[in-house]
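> Sharing a sequence plus its predicted fold:
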Amino acid sequence: MSERAPFLAGDADVPALRQAVSSIGGAGYGEAAVRRRLGLPDITALHWRDLPIYRDERLGGRDRLALAIDLFLLQGALSKDELDRLLPASSREVLLRTGLLEIDETGLARARASLFPVGEQLIFSDHAWPELPHPGYATPPYDHVMAVGLDSRHLARVTVRRPVGSALDLCTGSGIHALLAAVHARRVVAVDINPRAVRCTRFNVQALGATNLEAVEGDLFDPVGGERFDLITANPPFVPSPVNTLRFRDGGPTGEDVQRRIVAGLPGHLAPGGVAQLVTELGERDGEPVAGRLRQWLGGAPMDIYVVRVASYTAAQYASGHAKGEDYGTLLDSIRAWAGNLRAQGYARVASVLVTFQWSSAACGEPWERIDESRPPLESAGDEIEATFLAERLARNPELGRFLEGRWLRRAGPIARFDASVLGGAIPPKAKATRLGQALSIEHELDPVERETLAGMEGCVAMAELRRRCGEFRAPEESVLEAVRSLLRKGLVSIDVSPAKR
């Protein structure tokens, strides 16, 4: 069994370590290039069962990019000649010296940690598949640092990336979200209760040369006292689990032990105008909206909540997906334990969600909650998240009608509309619309007035003209305003203040 990477580098090794990371990147090793080389629709589609296919069909050329992918992402082995071609001598030496590489008795080189491409950034963390022959853990260690996987990438893609003064990343793990925030924040604090995770984050800080990031060990908000931050991110342990074997994964029987405390701490740590975002899974009970649970955790704090559901699993699917067993009987017992725990919590489903919190605006009335469903984002969606908050607040403004006078409306961009009707039945026709070219692919239902209002927008149109056009379809004037309000909220309509564009 291979030892794990220590994630330790002395000051004298830092320059050579940064040069090693630069050399690996110089081989073309980045998220887009890896995806293309492996023939993946998205890097989140990477799966250990396909390793032989990747190697046989995609990496046979053994150029430097293929070697980097095999060694640092697929947990493969390189010959001495291949390692020499991939890395210059100084980079090989520093990775061996700091424990990131090992050479076995046969002369094959293996990485003791993975180097995950996230955009053009490269992040060290423990291997994604610790159960494979390399490193070969039948049970991953409790303090295993989470790989950069599905949840990490989803949170990275929806995080709002505007410049901020301060950012806080909780349950930081490898430090991925803190390191991404360091690009657009003056100061970043990364917190984890796992000493190994803090060590891994500090190692990444050394390797990437981030000078505005501090990694500290502690329990959630404890290390920062009463400080407030403009951006708070978190990828907490959230799995509703009958066991407690992985620190980064298991969130107690409900899955809420850690995430509930994070949400409860937001009112005391989110700065005015700030944004808090977390990726998590929430057990869903029939008839109980999950947004109400989040509102309860906030303890009455006036925050707006936007939830994007990106996946949903039945309790049976979830139990069988997480159960483990080296033989059939053990596997069945594990499935029963997982399924029994979900039943005990009353969970009919478990949903993967991306949640954003912002302080409410007094002009919009009571704090609101909104839930949308989307396929997982394949690219940056932070601007779309912010646009949703702005549109929701504008639409909720009681003075919207007066605000729209003297302004022009237009479709927000290319929109696909789907109309359905039932032949020979009394079921009314239905319509849905989705804005094209967006990272979040959200389908919105349209009522008849919304459908005609949207159809009546050719170019820029004044509100009075829109009322006239919709009046031809016998839509009451007030109904048109409510349709515009709804279409603004759905992001299908935007406001143009320039009369030159009429």
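Nice, thanks for sending it over.
> Longest strand in the protein, please.
In terms of residue count, the longest strand belonging to the chain (DSSP state E) is strand 270-284.
> Just the mean pLDDT for whatever helix or strand comes next after that strand, thanks.
Moving toward the C-terminus from strand 270-284, the next helix or strand (DSSP states H and E) is helix 290-297. The pLDDT scores in helix 290-297 average 94.
> quick check: angle from the longest strand of the chain to helix 290-297?
For strand 270-284 against helix 290-297, the angle between stretch directions is 130 degrees (axes from the mean of the first three to the mean of the last three CA atoms, to 10 degrees).
> What is strand 270-284 packed up against?
helix 150-158, strand 229-234, helix 259-265, helix 290-297, strand 349-359 (3 or more CB pairs under 8 Å, 6 or more residues apart in numbering; DSSP states H and E). Yep, even glycine has a C-beta here, placed from its N, CA and C like the rest.
> Averaged pLDDT, that strand. What do you get?
97.
> hang on, the earlier thing: tell me which of the helices and strands packed on strand 270-284 sits nearest to residue 79.
helix 150-158 (31.4 Å; CB to CB).
> packing partners for the closest one?
strand 114-118, helix 176-181, strand 270-284, strand 349-359, helix 382-396.
> can you give me the strands in the stretch 301-450 of the chain?
Listed in chain order, the strands of the stretch 301-450 of the chain (DSSP state E, counting those that start in this stretch) span 303-314, 349-359, 369-373, 408-411, 415-420, 430-435, 444-446.
> quick one: contacts of stretch 457-472?
404-405, 407-411, 449, 452-453, 456, 477, 479-481, 483-484, 493, 496, 501-502 (CB atoms under 8 Å, 6 or more residues apart in numbering).
> Same check on stretch 284-294?
With contact meaning CB under 8 Å, 6+ apart, stretch 284-294 is reached by 263, 282, 305, 307, 312, 345-351, 353, 355, 369-371.
> mind putting the helices and strands packed on strand 270-284 in CSV, mean neighbour count and distance to residue 122 included?
Formatted as CSV, the helices and strands packed on strand 270-284 follow (neighbours: other CB atoms under 10 Å; distance: least, CB to CB, whole Å):
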stretch, mean neighbour count, distance to residue 122
helix 150-158, 22, 14
strand 229-234, 26, 19
helix 259-265, 21, 28
helix 290-297, 16, 34
strand 349-359, 22, 24
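> would you turn the ones you listed into TSV with distance to residue 184?
As requested, those are exported to TSV (distance: least, CB to CB, whole Å):
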stretch	distance to residue 184
helix 150-158	13
strand 229-234	9
helix 259-265	22
helix 290-297	26
strand 349-359	16
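> Residue 319 is nearest to which of these?
Using CB to CB, the nearest of these to residue 319 is strand 349-359, at 9.5 Å.
> how big is the angle separating the closest one from helix 150-158?
Going by the same axes, to 10 degrees, strand 349-359 makes 30 degrees with helix 150-158.
> elements contacting strand 349-359?
helix 150-158, strand 270-284, helix 290-297, strand 303-314, helix 315-322, helix 382-396.
> With distance to residue 198 as added columns, please give these in a markdown table.
Shown next, in a markdown table, are these (distance: least, CB to CB, whole Å):
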| stretch | distance to residue 198 |
| --- | --- |
| helix 150-158 | 17 |
| strand 270-284 | 19 |
| helix 290-297 | 26 |
| strand 303-314 | 29 |
| helix 315-322 | 27 |
| helix 382-396 | 26 |
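> closest one to residue 55 among those?
Checked against CB to CB, the stretch from the helices and strands packed on strand 349-359 lying closest is helix 150-158, at 22.3 Å.
> Show me how the chain divides into domains.
11-113, 150-309+353-394, 399-501 (automatic domain parsing).
> Worst mean pLDDT among those?
domain 399-501 - the lowest mean pLDDT of those, at a mean of 82.
> ok now that one, how far from the chain's centre?
Relative to its chain's centre, domain 399-501 lies at 30 Å (CA atoms, centre = their mean, to the nearest Å).
> how deep is residue 361 tucked in, by neighbour count?
17 (other CB atoms under 10 Å).
> swap in residue 22?
By other CB under 10 Å, 14 other residues sit near residue 22.
> in a helix, that's where it is, yeah?
Yes. Under DSSP: H, G, I helix; E, B strand; the rest coil, residue 22 sits within a helix.
> follow-up on the earlier one: I'd like the strands of the stretch 301-450 of the chain written out as CSV, with distance to residue 193 added.
Formatted as CSV, those follow (distance: least, CB to CB, whole Å):
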stretch, distance to residue 193
strand 303-314, 25
strand 349-359, 21
strand 369-373, 29
strand 408-411, 48
strand 415-420, 46
strand 430-435, 41
strand 444-446, 41
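> sorry, back to before: mind putting the helices and strands packed on helix 150-158 into CSV with distance to residue 18?
Formatted as CSV, those follow (distance: least, CB to CB, whole Å):
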stretch, distance to residue 18
strand 114-118, 13
helix 176-181, 14
strand 270-284, 29
strand 349-359, 32
helix 382-396, 28
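> okay, these, which one's buried deepest?
Among the helices and strands packed on helix 150-158, helix 176-181 has the highest mean neighbour count (mean count of other CB atoms under 10 Å), at a mean of 28.
> what's the spacing between the helix or strand just after that helix and its chain's center?
Scanning forward in sequence from helix 176-181 by DSSP H and E, the next helix or strand is strand 185-192. When distances are taken as CA atoms, centre = their mean, strand 185-192 is centred 18 Å away from the chain's centroid.
> Give me the packing partners of strand 185-192, helices and strands only.
On the basis of 3+ CB pairs under 8 Å, 6+ apart, strand 185-192 makes packing contacts with strand 164-170, helix 176-181, helix 195-208, strand 213-217, strand 229-234.
> I'd like these as CSV, with distance to residue 44 appended.
Output for these, formatted as CSV (distance: least, CB to CB, whole Å):
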stretch, distance to residue 44
strand 164-170, 20
helix 176-181, 14
helix 195-208, 21
strand 213-217, 25
strand 229-234, 18
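> Please name whichever of the ones you listed is nearest to residue 359.
Among those, strand 229-234 sits nearest to residue 359 (CB to CB), with 11.5 Å.
> how big is the angle separating that closest one from strand 185-192?
Going by the same axes, to 10 degrees, strand 229-234 makes 40 degrees with strand 185-192.
> let's number from 282 now, not from 1
Sure, I'll start numbering at 282, so the last one becomes strand 510-515.
> strand partners of strand 510-515, parallel vs antiparallel please.
Strand 510-515 sits in its sheet next to strand 445-451 (parallel), strand 551-565 (parallel), going by DSSP bridges.
> Of those, which is nearest residue 516?
Going by CB to CB, the one of the strands paired with strand 510-515 nearest residue 516 is strand 551-565, 5.2 Å.
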